[in-house]
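# Predicted structure and sequence below. I'll ask about it afterward.
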Amino acid sequence: MTFGLSIPAYSNVESLRRCLQSVELQAQDVQERIVVVDDSGSGGVARALGAEFPAVEWLIHERNQGFGATANDAVRSNPADIVILLNDDVELLANPVPPLRAAFERTAVFAITFRSVSEEGRFREGAKRIVWRVGYPRVLHNERDQRPPENGLIYSDYAVGGHAAFHRARFLELGGFDALFSPFYWEDVDLSVRAKKRGWACLYSPECIVRHAGLSSIRSSRDSAAIREITLRNRILFAWRHASRAQLRMLKCSLAWQRLAAALSGDEVVRRAYDAAEARMASYSSQTHFPTEQPTGVTLGDS
C-alpha cells in the first residue's frame, strides 16, 4: 500500500507555502508523488513556488475549473494506492500515514477524514453525520452528535474533501467528485454516499490532525449571496438524488413553503437556487462528469 499527497490550489501562495512546509515536516512516509494542481488559470502559483519545492509535481489548469474538477485531477495524477487530499490552506500537524495504513488495512474503506483544528488549536471538524429533517439533509458537525466507535473504528457519513485520504482506485471507479455540484459544496458528501452504497466505509481518524486556517478561496472569489445560492442549490440537488421516497414527499412540501416564505420576504436567493437546481437536474446526465481537459505538467524550466 503506497501513499501520495495531492493539493488543489487556487491563488493563495502564502497559505500553500505553509501547507507544503508542513508536508515536508510530517509526510516522511509518503512514497509516491506530491502533486499540486494550480487552478489559478495563470500558472502563477507554480511559478511562485516551483523552485522552492522541487519535489512537488506541478500541474496547471489553463483556466480556473473550481474545486471538484481540480481535486479530481489531483487524485487522478497521483499513482499512489491511497491519496491524501488537502486544501491549500491546510497544514499537517502529525504524520498521517501510520494511522491511515492501519485503518485502510482493516476493512473495505473508501476514505478517512482527518481531525481539523483552528489556528488556536480548537476543534473545527471531524466525523460527520447526515440526518434528514422534513425532507432536508442536515450535517451534524459536533463531536457529541457523532456515532460511537464500532470495533475501534469511528464511522463518518462523509469524508471532508479538504482534508481526507481516499482509496484512489475506488475514487476513480466512482468518477470522483460529480460535476452536478460544480463549482463547490456537497460534492464530497455526494461522493461519500455513493461510496457507501457500494459497501465502502468512510472513517474518521482523530490521530490524523491538520490545522485549517479557513482562508477559503471560495470566499475570496464570490460574495456571500452567491455562496449561499450555490450551497442551497447543491443541497437541494443532493436531496433529490439521495432522499428516500418518503423524504422526497416531505421535501416537496418543504420547498414549496420555503419558496413562499422567500417570495413574501423578497429573498431572491432562494428562488434563484431552486430554479438553478431544477435547470441543472433537467439538463444533467448521469454519464456526465467534469471535463477531462488534461492538465499541463510543469517543470521548473517551463514555469
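Yep, it's here.

# Strands of the stretch 101-250 of the chain, start to end?
Counting by DSSP state E, counting those that start in this stretch, the stretch 101-250 of the chain has these strands, from start to end: 109-117, 123-125, 129-133, 136-140, 163-167, 201-212.

# Which of those sits closest to Leu86?
Of all the strands of the stretch 101-250 of the chain, strand 163-167 sits nearest to Leu86, with 5.8 Å by Cβ to Cβ. The way it works is simple: take the backbone N, C-alpha and C, and place the C-beta from them, glycine included.

# I'd like the strands of the stretch 101-250 of the chain written out as a markdown table, with mean pLDDT and mean neighbour count added.
Written out in a markdown table, the entries for the strands of the stretch 101-250 of the chain read as follows (pLDDT from 0 to 100; neighbours: other Cβ atoms under 10 Å):
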| stretch | mean pLDDT | mean neighbour count |
| --- | --- | --- |
| strand 109-117 | 97 | 24 |
| strand 123-125 | 92 | 16 |
| strand 129-133 | 95 | 14 |
| strand 136-140 | 94 | 15 |
| strand 163-167 | 98 | 27 |
| strand 201-212 | 95 | 21 |
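
# Ok, which of these comes nearest Glu57?
Across the strands of the stretch 101-250 of the chain, Glu57 has its closest neighbour in strand 163-167 (17.8 Å, Cβ to Cβ).

# Point out the other helices and strands that the closest one packs with.
Using 3 or more Cβ pairs under 8 Å, 6 or more residues apart in numbering; DSSP states H and E as the contact test, the elements touching strand 163-167 are strand 82-86, helix 97-104, strand 109-117, strand 201-212.

# Can you give the contact residues for the first one?
Meaning strand 82-86. The contact list for strand 82-86 (Cβ atoms under 8 Å, 6 or more residues apart in numbering) reads 1-8, 19, 23, 27, 30, 71, 74-75, 92, 96, 100, 104, 161-168, 171, 210.

# coming back round to it: which among the strands of the stretch 101-250 of the chain is found nearest to Glu52?
Nearest to Glu52 among these is strand 201-212; the distance by Cβ to Cβ comes to 20.3 Å.
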